[in-house]
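Student: here is the input, now give the coordinates:
(2 chains)
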Amino acid sequence: MKGRIFRIQRFSIHDGYGIRTTVFLKGCPLHCVWCHNPESQSFEPEIGYKAEKCLSCYKCAEVCDRGAIVPAETGIEINREMCDGCGRCVEVCRGRALEMFGKDVSVEEVIALVEKDRVFYENSGGGVTFSGGEPYFQPEFLLALLKACKSRGINTAVDTSGYARWEVIEKTLPFVDFFLYDLKDYRDERHRRTCGAGNETILLNLKKLVDSGVEVIVRIPVIPGYNFEYEDFEGYLSVLEDAGVERVDILPYHSLARDKYRLLGREYILETPRMVENAKKAATEFAVFLEGRGLKVSVGGYF
Amino acid sequence: MDRIERLVGNLAKPSRLSVERAKLYTDSMRQTEGEAMILRQAKALKNILENIPIQILDGELIVGTMLPNPPGAILFPEGVGLRLINELDTLPTRETNRLLVDEEDARVLREEIAPYWQKRTIETFAYPLMPDVMGVLYTGSVFVLTELAGISHVAINYPYLMRRGFRWFLEESKRRIKELEENGVCEGEKYVFYHAARIVSEAVINYGLRYAELAERLAEEIENETRKDELLKIADICKKVPAEKPESFWEAVQFLWLVQSALHQENYEQAISMGRIDQYLFPYYYRDLKEGRIDKHMVFEILANLWVKTNEIVPPFDSLLEQFFSGQTTNQALTIGGCDIYGRDATNELTYLMLEVTNRLRLRQPNVHVRVSKRTPEDFLVRLAEVIASGCNAIALFNDDVAVEALRTVGVRDEDAWNYTTVGCVEIAPFGNSFTSSDAALINVAKALEYAMNEGRDIQFGYEFGVKTGKAKTLEELIENFRKQLSRIVKLVVKGCNVLGHANAEIKPTPLLSLCIEDCFEEGRDVTRGGARYNFTGIQAVGVADVGDSFAAIERALEAGYTIEEIIEACRTNFVDNEELHRILSESPKYGNDDDRADKYTRMVLEFYCDEVNRHRNFRGGYFAAGCYPMTTNVGFGFFTSALPSGRKGGEALNPGVSPSTGMDREGITAVIKSASKMNYTKIPNGASLTLNLSENVLGSKGIEIVKALIKSAVDLGCMHAQFNILKADVLKKAQEEPEKYRWLLVRVAGWSAYFVELSKPVQDEIIRRVSCKL
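Tutor: Model (predicted):
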């Protein structure tokens, strides 16, 4: 069986316990405006383009039989609607300005890579984290990967937005050691505005997941002005308490994704002055608040 | 200000060039012309130890300066010390590692010392025997031979010395002289040896007594009662050691230090190491503590004092050596932790304490080497990880099982292998009974590939130094030619080392050092002549991954339709106008990513190297021993090496030790460790360095846990050595811009620690490149 991923990252230490390998599955039904992995969103392969590396040799334009690449004054322009992600342009790119996001791989290929760091998982209490995109949108592939890991005694985690059918999640439960569960907003209409869908399913699934007894660590991104204001403290807390969540990881906004948007020819709309500092401050205060209410809290993905 | 701050404060002055030792040595050597060389050396050392100005510095519990008015450098005119003579004017102002030079001292050096030594150095002896080797050596591109400077690079058998005391050596020498006389002195060499042994024993005893007198005098003058008592105590101790056996912890450390400082007057300042110090000091510590003679605070201060003292001396490198051995360290290693001679864990309380001292001081010296194994206690590993993760970069780790196996493979007996010590920066050796000249030479392995690609011709210099191998049509042929070129280079280096081994035995026997290594005194044979039980000569490979990556890249480019000829031509032109091929080569599998397609070639190259090295015999009756670490020669050698098929451009640094080529480790640190674990360490009995760069901001609060897991994994996987560099790239860049603000910044460079701001600019740049690359 094959699935589509866009990256496998070894020595991943911010996605769960210990030293982990994170497998990023491509494609996400949500489109959060702050998404820091924009290359994860589309289910189709995508071309990234670094203009400053382009040698303007136009070899890419020559090999593109769909005419999706046209020479510009300096460098190229990519017509993304015409691109089918065949990747030939990436192969011929001499300046390494073009990059491919999205690759179809088999379960065996993924497991072979995952196995490489087994000794590090064992010595650190680590394992594999399946992230995305939304991994539950490739349900059979994810299930096969999880089963393969479990049968090999490798610790597994799924990093999910929770935006998936419960049955799909439920099926994987026997093969998941813990969940990293994103709570992007406790307010439905704001969630709808910034993420492209409401949060009803997400909240319901969260409760079911916690009730099932598996370890769930809720991750809350702090993006001031989008999903987070100081008056939201209580709102988040009540959702967490309702679901019976015990552990929260707060992820303050960072601006490192800006370049990735540029790479994909997309606009980065999040830029506001002092956003990073504000997010850090809000996250710290929020952490103190939640801890005061008896939750276990970490900031920034450090377990 | 507490004592430790005062002790560290003693080092705060700018370093000076000291000519006192050179002068006393030369005076004596002038007077003894014509006598047996070992006797002359003994007398010269005696002249130094009895006359060199001595000092007791502020707050010291352990006394004995390595040079008058430290810190500074000592000149060894009999070795390569006089290379500095043409740079005396620029030493105080040069960019890195400045040395203050007194005008009168400069005159003495130029007019009195230099003329005498012009035709009497180790090099004078060696040159006529190997002009071919020297010609290539001077290019600085293919290999470096260090024994021109002397040998040093040895761990001192302090427990052996402390069980005897120098009075024993004195009396025993006399007894043996008498015994030989009874038999008509039929063994002339031994007879001379024991005469020399008698002289140096006396010299060392007198050296201690001079400090006893000085301490007494200072005690009389001083008003502060506490310090007066301390000084009187110091006087008592120095009256006793190193003449007699030490009986307390304080005495033992003072014994050690007086000998260490005396040895530095005889042997040049590289890698005179202290061996398994937590093991042999433990009985003294344990007894004192149990009987209430000392508390842990005092132990801590005494150890801190010892650590500080090792920083008194810096090497007098000239501008060329600065490139190859940047960082101005003297590599006095000490080994802590690890297993005993039966393979049982022997970590003890002192192991912990010494780790704490290292963590508190964070000085460039000593090189603190921690032996670890699967049997190392968990709580020690935790503490070790804490110290490393907090950015204490002065520590390196050695994996017992792997090191022991490597030594066994070259014939070291089990108990001696388990009792291995570290020497200098990365080297391993049986403790106390070996003389391994562990840094005799370093070889640019990438040069052998350059020659193989160009029928023996050097692209940088144009001369034909290599074997005239034919044009390779296939990768296999090229590998075969590489092997031939490597074999020839190794043979030349072996010749060079053996001529220099002989030269050292003739020009620079070392009678005091010979008392410090087991079997020499018993046999009556100088250590430079093979008096030790184990005699190796260590020579290191530099650039193995660049060559391995080159073979992997050629394989890939051939698949893509290029010919060997085209690849070689592209390298000759430094890939100008050949971007496509350069891209294919650069993007081919690289060592350091846990990718067998590349790792197998680096393993192969290193095995070739080791096989070539390990089969040769040395002057002292032992074998050559392969090592794999560069000091900073990877930058110097790289500067003179043309473009390689790996995609590395001409002049760029080569890869250090078994670490990947700069920026080629794209899969993260676990992949680096995996790749390194695939090397065949049983063939590397001299040691191999692996540097692991981690950036502090990525580790965050998980640092300790991660570092511990990495250590355990490296041990489980069978790496031989690992050293962590916990750094932030932006800190390094700031340090480059404002060096004066970052004098404290310690980084590890290929097996040893250096202050970042004292490294040369190219080496700094290289470190920044390595650190900023993705984890």
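Student: checking residue 239 next. Helix, strand or coil?
Tutor: With no chain named, the answer covers chain A. Secondary structure assignment for A:Val239 (DSSP: H, G, I helix; E, B strand; the rest coil): helix.
Student: right idea, wrong chain: chain B
Tutor: At B:Lys239 the chain is in helix, as set by three-state DSSP.
Student: once you drop chain neighbours, what's closest to it?
Tutor: Computed as CB to CB, 6 or more residues apart in numbering or on different chains, the closest residue to B:Lys239 that is not its neighbour in sequence is B:Ala212, at 4.4 Å. Using the backbone N, CA and C atoms, a C-beta is placed for each residue, glycine as well.
Student: quick check: B:Ala570 touching B:His582?
Tutor: Yes: with contact defined as CB atoms under 8 Å, B:Ala570 reaches B:His582; the gap is 6.9 Å.
Student: circling back to that earlier point, any idea how many residues pack against the residue nearest to B:Lys239?
Tutor: The number of residues packed near B:Ala212 is 18, by other CB atoms under 10 Å in any protein chain shown.
Student: what of the one 3 residues further on?
Tutor: Per other CB under 10 Å, the neighbour tally for B:Ala215 reads 23.
Student: secondary structure element for it?
Tutor: Assigning secondary structure by DSSP states H and E places B:Ala215 in helix B:188-221.
Student: go on, B:Ala403?
Tutor: Per DSSP H and E: helix B:400-409 holds B:Ala403.
Student: would you mark the buried spots in that helix?
Tutor: Neighbour-count burial for helix B:400-409, counted by 16 or more other CB atoms under 10 Å in any protein chain shown, picks out B:400-408.
Student: ok, stretch B:496-508 next?
Tutor: Applying a neighbour-count criterion of 16+ other CB under 10 Å, one finds B:496-505, B:507-508 buried in stretch B:496-508.
Student: and of the residues you listed, the nearest to A:Asp249?
Tutor: B:Cys497 (57.9 Å; CB to CB).
Student: buried ones in the helix holding B:Ala215?
Tutor: B:190-205, B:207-212, B:214-216, B:218-219.
Student: what packs against it?
Tutor: Applying 3 or more CB pairs under 8 Å, 6 or more residues apart in numbering or on different chains; DSSP states H and E, one finds that helix B:188-221 makes contact with helix B:37-51, helix B:166-182, helix B:225-240, helix B:249-266, helix B:511-515.
Student: so for the last one, mean pLDDT?
Tutor: Think helix B:511-515. Averaging pLDDT along helix B:511-515 yields 98.
Student: one step back: now the buried residues of stretch B:496-508 as CSV including secondary structure and pLDDT?
Tutor: Below are the buried residues of stretch B:496-508 laid out as CSV (DSSP: H, G, I helix; E, B strand; the rest coil; pLDDT from 0 to 100):
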residue, secondary structure, pLDDT
B:Gly496, helix, 98
B:Cys497, helix, 98
B:Asn498, helix, 98
B:Val499, helix, 98
B:Leu500, helix, 98
B:Gly501, helix, 98
B:His502, helix, 98
B:Ala503, helix, 98
B:Asn504, helix, 98
B:Ala505, helix, 98
B:Ile507, helix, 98
B:Lys508, coil, 98
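Student: what residues are up against the closest residue to chain B within the stretch 51-200 of chain A?
Tutor: Across the stretch 51-200 of chain A, no residue is closer to chain B than A:Ser124, which sits at 3.3 Å (CB to the nearest CB). Neighbouring residues of A:Ser124 by CB atoms under 8 Å, 6 or more residues apart in numbering or on different chains: A:17-19, B:705-706, B:708-709, B:713.
Student: among those, name the buried ones.
Tutor: Buried residues within the contacts of A:Ser124, counting neighbours by 16+ other CB under 10 Å: A:17-19, B:705-706, B:708-709, B:713.
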